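**Student:** Sequence below, structure please.
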Amino acid sequence: MVTQEQRKRQLAREKFLRQQQRRTASRRKARMRNSVIASVLGVILIGSVALYTTGVLKDDDNKANASSETTPSAAASSKAPADPCEKPAAGSVKKLSWKKEPALTIDKSAKYTMNLATTCGDIGIALKTSAAPHTVNSFDFLAGKGFFDHTKCHRLTTNGIYVLQCGDPTAAGSGGPGYTIPDENLKDKSLKGGIYPAGTVAMANTGQKHTGGSQFFLVYQDSQLPASYTPFGTISDSGMKVLKKIAAAGENTGAGDGAPNATVVINKATVTKS
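**Tutor:** Model (predicted):
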């Protein structure tokens, strides 16, 4: 026969055991929850690092979509000296866009030159008017509207291909004037053996035909490229010196394809008929 006192002690022990079981279960659930949270955070961290790592080198690779322009990628460069350029002139990039290519108003039989007054020095360019009239006409139009003023040259390649890319008002590789122009002059006699020679100025594009906009590249050393980028100008000797100074400063990824270390800003772009 169980006494009343024994029954009380038995009930107390059972209550204590139930409390212990609940505490143990609660601690087990907390450990599992913390483990899951840690795992999720780890996945997020790893994913973020992967996105950052691939994104750094794919800014210009992403230009293969309809809203961006590119030249082929290159890889591996060395560290560079300090910024050799001046501070940009006061002012900001104009937000301009048009729905269609401007009407052809240039004199195709005349000579035109373009001058890029940059923070690193003036880059003079003799334009190939008769061979690339749509391209030259577009640059005459855009320069006259101040489209290029205060824009950064956003890309420098230092291995494989050797170009400085400019003309993007967003400085991110995805900007343009809102319209596209046709490819021209792809059989230019200067393009021999799949080489765009040093001193060439050519259009960037999305990788598809007739998708040039406002982005262009300046070749500072012979570069092997397919003949799919409209060559429309030749850089002056003094302009080449400026371009090589920019190239000597290198680019910011150390991988041969990134933003130039030099602060290359086009303070003013002008096109002149002579």
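**Student:** just for this protein, where's the confidence low?
**Tutor:** The chain contains residues with pLDDT under 70 at 1-81.
**Student:** Spell out the residue ranges of the helices in it.
**Tutor:** Using DSSP state H, the helices found in the chain span residues 4-58, 133-144, 237-248.
**Student:** counting contacts, what elements does the last one pack onto?
**Tutor:** Using 3 or more C-beta pairs under 8 Å, 6 or more residues apart in numbering; DSSP states H and E as the contact test, the elements touching helix 237-248 are strand 121-127, strand 163-166. All C-beta atoms are positioned from the backbone trio N, CA, C, and that covers glycine.
**Student:** I figured Leu225 hits Thr200, correct?
**Tutor:** No. Counting by C-beta atoms under 8 Å, Leu225 stays clear of Thr200, with 9.4 Å between them.
**Student:** Those two: which is more packed in?
**Tutor:** Using other C-beta atoms under 10 Å as the criterion, Leu225 and Thr200 rank with Thr200 on top: 24 against 20.
**Student:** Run through the residues that contact that one.
**Tutor:** With contacts defined as C-beta atoms under 8 Å, 6 or more residues apart in numbering, Thr200 is in contact with Ser190, Leu218, Val219, Pro231, Gly233, Thr234, Ile235.
**Student:** Not counting sequence-adjacent ones, nearest residue to the last one?
**Tutor:** If I follow you right, that is Ile235. Gly199 (4.6 Å; C-beta to C-beta, 6 or more residues apart in numbering).
**Student:** if I pick the one you found, what's in contact with it?
**Tutor:** Counted by C-beta under 8 Å, 6+ apart, Gly199 has contacts Val219, Thr234, Ile235, Met240.
**Student:** Of all the helices and strands packed on helix 237-248, which one is nearest Asn267?
**Tutor:** Proximity to Asn267 (C-beta to C-beta) singles out strand 121-127 among the helices and strands packed on helix 237-248, at 9.8 Å.
**Student:** partners of that closest one in the sheet?
**Tutor:** strand 112-118 (antiparallel), strand 231-235 (antiparallel) (DSSP bridges).
**Student:** follow-up on the earlier one: now a ChimeraX select for only the buried ones of the contacts of Thr200.
**Tutor:** Selection of the buried residues among the contacts of Thr200 in ChimeraX, burial being defined by 16 or more other C-beta atoms under 10 Å:
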select :218,219,231,233,234,235
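**Student:** Identify the farthest-apart pair in the contacts of Thr200.
**Tutor:** Checking the contacts of Thr200 with C-beta to C-beta, the most distant pair is Ser190 and Leu218, at 14.3 Å.
**Student:** Out of the strands paired with strand 121-127, flag the one nearest Glu251.
**Tutor:** Judging the strands paired with strand 121-127 by C-beta to C-beta, what sits closest to Glu251 is strand 112-118, at 16.4 Å.
**Student:** For that closest one, list the C-alpha coordinates in PDB.
**Tutor:** Extracted as PDB, the C-alpha positions of strand 112-118 are listed here (Å, rounded to 0.1, in the frame of the first residue of the first chain):
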ATOM      1  CA  TYR A 112      36.600  65.700 -90.000                       C
ATOM      2  CA  THR A 113      38.700  65.400 -86.900                       C
ATOM      3  CA  MET A 114      37.700  64.600 -83.300                       C
ATOM      4  CA  ASN A 115      39.500  65.900 -80.300                       C
ATOM      5  CA  LEU A 116      39.100  64.300 -76.900                       C
ATOM      6  CA  ALA A 117      40.200  66.800 -74.200                       C
ATOM      7  CA  THR A 118      40.900  64.400 -71.400                       C
END
